[in-house]
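**Student:** build me a model:
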Amino acid sequence: MKKISILKYDLKRVPVTKKTLIHRALYGYIDHSNKGNYTYTRKGALSTLKYTKIGNSVLMINTKDVESIIPLFKKYKIKVHIMGLIMP
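**Tutor:** Purely as a prediction, here's the structure:
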């Protein structure tokens, strides 16, 4: 049996600049410098984890990996609802 958690976070009343910071911290981004001559891949918190994006602001990840993502949501003061599931 596989333990999976579904994370639902809410960004409704968050300013756009803060949403961008949160998404970059979660998923990572590509950074361009020197007028686009160089590109750097910046990794996010989910870059090393196996996850599935179910919908907007809804993620499905392994239960053991939840503890590594929770500090990120606490840092940006975002409410997260976590639901645990057991998959056969």
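**Student:** residue 67: which element?
**Tutor:** Element membership for residue 67, per DSSP states H and E: helix 66-75.
**Student:** swap that for residue 39, please
**Tutor:** Assignment of secondary structure by DSSP H and E places residue 39 within strand 38-42.
**Student:** quick one: residues in contact with whichever helix or strand comes after that strand.
**Tutor:** Proceeding N to C from strand 38-42, the next assigned helix or strand is strand 51-55, under DSSP H and E. The contact list for strand 51-55, computed with CB atoms under 8 Å, 6 or more residues apart in numbering, reads 6, 59, 60, 61, 65. Placement of C-beta: from N, CA and C, glycine included.
**Student:** run a quick neighbour tally on the closest residue to the fourth one other than its chain neighbours.
**Tutor:** Setting aside the residues directly before and after it, residue 61 is nearest to residue 51 in space (CB to CB, 6 or more residues apart in numbering), at 4.4 Å. The local packing of residue 51 (other CB atoms under 10 Å) involves 17 other residues.
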